[in-house]
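*Asks:* Can you look at this prediction? I've put the sequence above it.
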Amino acid sequence: MSDNLQPRGSDDLTLAQPLYTPIKRRSFFMYAGATAGASALLLAGCSDDSDNNTPSLPKGNSTTANGAISLGSGDVGVLNFAYALEQLEADFYAKVAALPNGSTILGAPAFAYFQQVAKHEAIHRDFFKAALNRDAAGQTLRGLTPKYPAATFTDKANILGTAKAFEDLGVSAYNGAGKLIKTPAYLVIAGQIVSVEARHAAYIRDLVTPGSFAADDIVNAAGLDVARTPGEVLTIAQDFITEKLDGSSVGVN
C-alpha cells in the first residue's frame with residue numbers, strides 16, 4: 001500500500017470511516033466518560049470480544065542508518081507522528097490518574113481532571129492505532145516506551161509543568177502537521193482532536209498560572225496559535241521517548 005492512506009468509501013459520509021474500525025467492546029468501556037463525540041464514533045465500531053478480525057500492532061518498523069525508527073512518509077507518516085505523541089500523552093496521564101495519593105498532591109478537582117483526560121488521551125491513541133492498522137496495515141508505529149525525569153510524579157509543580165509542556169507541544173504539533181495531510185477524512189479528525197487538546201492546554205495553563213490560557217508565548221500577534229514542524233516537535237518530545245524516532249519524511253510524498 002502507498003504511504004497515502006486510502007479510507008474505504010468515496011462519498012463524504014464514508015470519509016471518517018477509520019473511526020469505525022472495530023475496537024474491542026471491553027476495551028472501549030474502559031474509556032467511557034470521555035468526550036461524547038469521540039465516544040459515539042468509537043462505539044459505532046465496537047465489536048464483541050470474540051471478534052478476532054481486528055489487526056494487531058506490527059512488531060516493528062523500518063529503521064534508519066543511525067538506528068532510529070522511521071515514522072514513514074505521506075499521510076502514514078503524519079498519522080504515525082500523531083500516534084507517537086498520543087502514546088506519550090496517554091501514558092503520562094494514565095500514570096498521574098493512577099497515583100494513590102493523586103488527590104492529595106493535586107487537590108481533588110485537578111486530580112479528577114487528570115482522570116478524565118486520561119480517558120480522552122487513551123481514545124486518541126487507540127484511534128490512531130486502529131486507523132493505521134486498517135488503512136496502512138504493516139506500517140503502524142510500534143508501541144513506544146516513555147521515560148520521565150525522576151521527580152515528574154512526585155509533586156504538583158512537576159506534574160502540572162509536564163502536563164503543560166505536553167499539551168502545548170501537542171497543540172503546536174497538530175497545528176504544524178495539518179497542512180501535510182492529504183486525505184480529507186484525516187484532516188477533519190485532526191481538527192477535532194486538536195480542539196480537544198487545546199481545551200486541555202488552556203485548563204492546565206490556568207492551573208499553573210491563572211489567566212495564561214492564551215498568553216503571548218502561545219498566541220502570536222496575528223491571533224494564531226503556535227505551530228511547529230514535525231522535526232521541531234520530535235526534538236522536544238525525544239527527551240521523553242526511549243526509542244529514537246525519525247520524522248524526516250513525515251508528510252513527504
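*Replies:* Looks like it arrived, so ask away. Numbers count the residues shown, from 1 in each chain.
*Asks:* ok, so what distance separates Ala130 from Thr140?
*Replies:* Distance, Ala130 to Thr140, using CB to CB, to the nearest Å: 9 Å. Using the backbone N, CA and C atoms, a C-beta is placed for each residue, glycine as well.
*Asks:* Quick check: Glu197 touching Gly170?
*Replies:* Yes: when contacts are counted by CB atoms under 8 Å, Glu197 is listed as touching Gly170 (4.8 Å).
*Asks:* related to what we said a few turns ago, which one's more surrounded, Ala130 and Thr140?
*Replies:* More crowded of Ala130 and Thr140, by other CB atoms under 10 Å: Thr140, with 25 against 21.
*Asks:* low-confidence ranges in the protein?
*Replies:* 1-60 (pLDDT under 70).
*Asks:* repeat that for 90
*Replies:* Residue ranges of the chain with pLDDT under 90: 1-67, 211-221, 223-224, 253.
*Asks:* Now do the domain split for it, please.
*Replies:* 1-45, 56-246 (automatic domain parsing).
*Asks:* mind listing the helices for the protein?
*Replies:* In the chain, the helices defined using DSSP state H lie at 25-30, 36-43, 74-97, 102-106, 108-135, 156-177, 184-208, 230-237.
*Asks:* Nearest to Thr145 among the ones you listed would be which one?
*Replies:* Closest approach to Thr145 among the helices of the chain (CB to CB): helix 74-97, 8.9 Å.
*Asks:* which helices and strands does the closest one pack with?
*Replies:* Here helix 74-97 touches helix 108-135, helix 156-177, helix 184-208, helix 230-237, going by 3 or more CB pairs under 8 Å, 6 or more residues apart in numbering; DSSP states H and E.
*Asks:* Compare the ones you listed and give me the one nearest Pro149.
*Replies:* Comparing the helices and strands packed on helix 74-97 by CB to CB, helix 156-177 comes nearest, at 7.8 Å.
*Asks:* Check which helices and strands that closest one sits against.
*Replies:* helix 74-97, helix 102-106, helix 108-135, helix 184-208, helix 230-237.
*Asks:* can those helices go into JSON lines with extra columns for distance to Ala68?
*Replies:* Below are the helices and strands packed on helix 156-177 laid out as JSON lines (distance: least, CB to CB, whole Å):
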{"stretch": "helix 74-97", "distance to Ala68": "12"}
{"stretch": "helix 102-106", "distance to Ala68": "35"}
{"stretch": "helix 108-135", "distance to Ala68": "19"}
{"stretch": "helix 184-208", "distance to Ala68": "24"}
{"stretch": "helix 230-237", "distance to Ala68": "10"}
